[in-house]
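**Student:** take a look and give me a structure for this.
(one chain, ligands or ions: 1)
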Amino acid sequence: MLTQTYLAHLPETLNALKQADDRWTELRSPSSQELTQVVSKLNTTLAHLDYDVIVAGGTLGLPIALTLTIQGHKVAILERGILKGREQEWNISRDELRGLVELNMLTQEELDQAIVSEFNPIRIKFGDREIWTKDVLNAGVDPIYLLETLKQKFLKLGGKLIEQATFKTATVHPNGTEIHYESNNQSNNQSNNQSQSISAQLLIDLMGHNSPVALQSRDGEKPDSVCLVVGTCATGYPENTTADLIASFTPIQNQCQYFWEAFPARAGRTTYLFTYLDAEPDRISLETLFDEYFRLLPTYQNITIDQLDIKRALFGIFPCYKDSPLVPDWDRIVSLGDGSGAQSPLSFGGFGAMMRHLIRLSDALNQAISTDCLDRASLELIQPYQPNLQVTWLFQKSMSVKLKQKLPPEQINQLLADVFGEMEQLGDLVLKPFLQDVVQFGPLTQTLWRSSLKSPLILFKILPQVGLWTLLDWMRHFVNLGFYTAVDGIIDRNIPVLVPFLSAQSPAFQYRIYRAIEAFKYGSGKDYHPHNNEDAPDNEDVQPYGGLQ
Ligand SMILES: Cc1cc2nc3c(=O)[nH]c(=O)nc-3n(C[C@H](O)[C@H](O)[C@H](O)COP(=O)(O)OP(=O)(O)OC[C@H]3O[C@@H](n4cnc5c(N)ncnc54)[C@H](O)[C@@H]3O)c2cc1C
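**Tutor:** Numbering: from 1, shown residues only. All right, here's what the predicted structure looks like:
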């Protein structure tokens, strides 16, 4: 009811919310989702290839398409709508955007112009415990400016942008992939749907969470968990300088722990309510969560809703799959972005996840295309297993409640207050990477060790909550994280020997070894380098990494 009242002036948003809720109901339905088979295989060779690469889905597809165009590949983007950014900024840490400049996609001036808001300090709050930090996820990027600037460069370099073109099916041939799409030309107010096809050596699927290619790959599987997000951007807040990265001030209710986020934005102040849950049929709807947002926002921000001028409402359903990143099912097709589950299950920052990996992805895709390493096994190396992402599942589970579970109402707040309190004491080199979805073995071990010394019963508290299987599975990833960290250290020390050795090997061999080196680097979180951090160590433990070639 509250949502309908406070968002009555945004009828299109209410409509979109209803559609999102229908999708959420479908995800929770006990019967498995109806699957459309969109990818098939044929053993005949294509006589002609139109492009080197086709990128289906233009939002985060554009930076990928542009970097490949800069590297000399012939690229086309298929986009269902008109390729333009949304109004709401993407928050990210400034340093994570360096790939855009290093890969010559933006000049430093253009990057500075794309960052339209910056704010400090940043608060983390659980119950009464407050921790303050700065320079983490505190830069707001304007998606409209960013995508328009990248789009103009892409077109200038000869990239082909096919808008209002909906991907329908793909047929994988031994030498390429043929993509069939429906072009929806609006001429004289008449919609004119036409089926068309184009072909390329490689199809990159960047069609988001509902990508038909990714859904087929996942075989209609239910997500292992979901993050629901609702919020608004509004003016009328008396205070709008500081930000909350994550804040929680209520006990468990509706079998959910509510987390909040708030930050200054160009159009006002953005506030989000988000929660982690499973996709059980009886879970709350998105609209009910929005009602909860409007009920609790006055307490959270110390305002009344009537004093706000709500500019826009925002929401999202982020399905997370343990089996991520998505392993390619076919030769010549790879999924990236949200659809591939590349981001941490703790965050809905898919833009940040893509930017963090942009240099790595650009190198890997360029090499794969140039060396024709486009079979399924080679493409799998582009999105490798990352133990540092897998360990975050335990944290996500410990921040959520099962549908029929009875937990002490303050258990989650208390646990998070204790763990983050330890991180704060260990300093920025432990706290900051974690807040940016980069979990490292040393800092994680120190945090867990100190937390269990302080609260020896911590394990017994979380065991019934997360379950034995989750804990055992976590241990496996934790051990792998340690192993990846050790191997990455060995590789780093031997780079002067490795590089000349590798340059004498075949391109396909080089492709595989470089992917393995990156997998250890990124899988151990050692790609993180605290440029902006006053506490940056002098030791070689944290090394800048910009690709090896
Ligand atoms: C409320 C909210 C706040 C967020 N805040 C942040 C933030 O602060 N920082 C951050 O890093 N991330 C944030 N995100 C997440 C971020 O927006 C996504 O991770 C990012 O947009 C994912 O990009 P994508 O290209 O993978 O998928 P999408 O954004 O879903 O884009 C998919 C693209 O594919 C196109 N497409 C879909 N189907 C077809 C088809 N059949 N044929 C052709 N084209 C198709 C779509 O039109 C679209 O352009 C937020 C998301 C939401 C909802």
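**Student:** which residues does the closest residue to the ligand within the chain contact?
**Tutor:** Taking Cβ to the nearest ligand atom, the ligand has its nearest neighbour within the chain at residue 350, 1.9 Å off. Backbone N, C-alpha and C define where each C-beta goes, glycine included. Counting by Cβ atoms under 8 Å, 6 or more residues apart in numbering, residue 350 touches 60, 337, 338, 342, 343.
**Student:** just the element for the last one, please.
**Tutor:** By that I understand residue 343. Under DSSP states H and E, no helix or strand contains residue 343.
**Student:** does it touch residue 349 like I think?
**Tutor:** Yes. With contact defined as Cβ atoms under 8 Å, residue 343 counts as touching residue 349 (6.2 Å).
**Student:** and for these two, which residues touch both?
**Tutor:** Contact criterion Cβ under 8 Å, 6+ apart; residues shared by residue 343 and residue 349: residue 437.
**Student:** higher neighbour count, those two?
**Tutor:** A count of neighbours by other Cβ atoms under 10 Å puts residue 343 above the other of residue 343 and residue 349, at 24 against 20.
**Student:** which one is that one nearest to, not counting chain neighbours?
**Tutor:** Using Cβ to Cβ, 6 or more residues apart in numbering and skipping residues adjacent in sequence, the residue nearest residue 343 is residue 353, 3.8 Å away.
**Student:** let's see the pLDDT reported for the residue lying closest to residue 400 once chain neighbours are set aside.
**Tutor:** Computed as Cβ to Cβ, 6+ apart, the closest residue to residue 400 that is not its neighbour in sequence is residue 276, at 4.0 Å. At residue 276, the model reports a pLDDT of 97.
**Student:** same question for residue 454.
**Tutor:** 86.
**Student:** what about the nearest residue to it once chain neighbours are set aside, neighbour count?
**Tutor:** Counting by Cβ to Cβ, 6+ apart, residue 454 lies nearest to residue 418, which is 6.6 Å off, once chain neighbours are set aside. Per other Cβ under 10 Å, the neighbour tally for residue 418 reads 19.
**Student:** in the helix or strand that contains residue 418, what's buried?
**Tutor:** Per DSSP H and E, residue 418 falls inside helix 411-426. Buried residues in helix 411-426, counted by 16 or more other Cβ atoms under 10 Å: 411-424.
**Student:** could I get these as TSV with distance to the ligand?
**Tutor:** Formatted as TSV, the buried residues of helix 411-426 follow (distance: Cβ to the nearest ligand atom, whole Å):
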residue	distance to the ligand
411	28
412	22
413	24
414	28
415	25
416	21
417	24
418	27
419	23
420	20
421	26
422	27
423	22
424	23
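**Student:** let me have those in a markdown table, extended by pLDDT.
**Tutor:** Shown next, in a markdown table, are the buried residues of helix 411-426 (pLDDT from 0 to 100):
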| residue | pLDDT |
| --- | --- |
| 411 | 93 |
| 412 | 95 |
| 413 | 95 |
| 414 | 93 |
| 415 | 92 |
| 416 | 94 |
| 417 | 94 |
| 418 | 91 |
| 419 | 91 |
| 420 | 93 |
| 421 | 93 |
| 422 | 92 |
| 423 | 93 |
| 424 | 94 |
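**Student:** let's have the residues you listed in CSV, adding distance to residue 440.
**Tutor:** Listed next are the buried residues of helix 411-426 as CSV, based on distance: Cβ to Cβ, whole Å:
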residue, distance to residue 440
411, 27
412, 24
413, 25
414, 25
415, 21
416, 19
417, 22
418, 20
419, 15
420, 16
421, 19
422, 15
423, 12
424, 16
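**Student:** residue 135: helix or strand, and which one exactly?
**Tutor:** Judged by DSSP H and E, residue 135 forms part of no helix or strand.
**Student:** that one contacts residue 120, doesn't it?
**Tutor:** Yes. The criterion here is Cβ under 8 Å, and residue 135 meets it with residue 120 at 6.6 Å.
**Student:** more neighbours: the two, which one.
**Tutor:** A side-by-side neighbour count of residue 135 and residue 120, using other Cβ under 10 Å, places residue 135 first with 20 against 13.
**Student:** give the next helix or strand downstream of the helix ranked longest in the chain.
**Tutor:** With secondary structure taken from DSSP state H, the chain has its longest helix at helix 468-503. Next along the chain after helix 468-503, taking DSSP H and E as the criterion, comes helix 507-523.
**Student:** now that following helix: buried residues?
**Tutor:** Applying a neighbour-count criterion of 16+ other Cβ under 10 Å, one finds 510-515, 517-523 buried in helix 507-523.
**Student:** likewise for stretch 373-380?
**Tutor:** Neighbour-count burial for stretch 373-380 [16+ other Cβ under 10 Å]: 373, 374, 378, 379, 380.
**Student:** distance from it to the middle of the chain?
**Tutor:** 22 Å (Cα atoms, centre = their mean, to the nearest Å).
**Student:** which ones are touching residue 84?
**Tutor:** Each residue near residue 84 by Cβ under 8 Å, 6+ apart is listed here: 144, 147, 148.
**Student:** start to end distance for stretch 317-326?
**Tutor:** End-to-end distance of stretch 317-326 (Cα to Cα, to the nearest Å): 18 Å.
**Student:** about what we covered before: and the buried residues of helix 411-426, which two are furthest apart?
**Tutor:** The widest separation within these, taken as Cβ to Cβ, falls between 411 and 424 and amounts to 20.3 Å.
**Student:** could you check how far the nearest residue to residue 488 once chain neighbours are set aside is from residue 327?
**Tutor:** Excluding the flanking residues, the one nearest residue 488 by Cβ to Cβ, 6+ apart is residue 520, at 4.3 Å. Per Cβ to Cβ, to the nearest Å, residue 520 is found 18 Å from residue 327.
**Student:** check residue 50 too.
**Tutor:** Counting by Cβ to Cβ, the gap from residue 50 to residue 327 is 27 Å.
**Student:** and residue 105, by the same measure?
**Tutor:** Distance, residue 105 to residue 327, by Cβ to Cβ: 28 Å.
**Student:** verify the stated contact: residue 62 with residue 78.
**Tutor:** No. Applying Cβ under 8 Å, one finds residue 62 not in contact with residue 78, separated by 11.8 Å.
**Student:** so for those two, which residues contact both of them?
**Tutor:** Common neighbours of residue 62 and residue 78 (criterion: Cβ under 8 Å, 6+ apart): residue 55.
**Student:** buried residues, the longest strand along the chain. List them.
**Tutor:** The residue-count maximum for a strand in the chain (DSSP state E) belongs to strand 190-205. Across strand 190-205, burial judged by 16+ other Cβ under 10 Å covers 198, 199, 200, 201, 202, 203, 204, 205.
**Student:** check contacts around the fourth one.
**Tutor:** Applying Cβ under 8 Å, 6+ apart to residue 201 gives the contacts 49, 51, 52, 53, 175, 176, 177, 332, 369, 372, 374.
**Student:** just the ones of these in helices?
**Tutor:** Mapping these onto helices (DSSP H) picks out residue 369.
**Student:** among the contacts of residue 201, name the buried ones.
**Tutor:** Buried members of these, scored by 16+ other Cβ under 10 Å, are 49, 51, 52, 53, 175, 176, 177, 332, 369, 374.
**Student:** find the residue at the geometric middle of the chain.
**Tutor:** Compute the mean C-alpha point of the chain, and by Cα atoms, centre = their mean the closest residue is residue 350, 2.3 Å away.
**Student:** can I get the buried residues of stretch 373-380 in CSV including pLDDT?
**Tutor:** Formatted as CSV, the buried residues of stretch 373-380 follow (pLDDT from 0 to 100):
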residue, pLDDT
373, 97
374, 98
378, 97
379, 98
380, 97
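**Student:** got those as TSV, with distance to residue 494 columns?
**Tutor:** Shown next, in TSV, are those (distance: Cβ to Cβ, whole Å):
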residue	distance to residue 494
373	24
374	29
378	24
379	27
380	25
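**Student:** including distance to the ligand, could the residues you listed go into JSON lines?
**Tutor:** Shown next, in JSON lines, are the buried residues of stretch 373-380 (distance: Cβ to the nearest ligand atom, whole Å):
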{"residue": "373", "distance to the ligand": "23"}
{"residue": "374", "distance to the ligand": "21"}
{"residue": "378", "distance to the ligand": "22"}
{"residue": "379", "distance to the ligand": "17"}
{"residue": "380", "distance to the ligand": "19"}
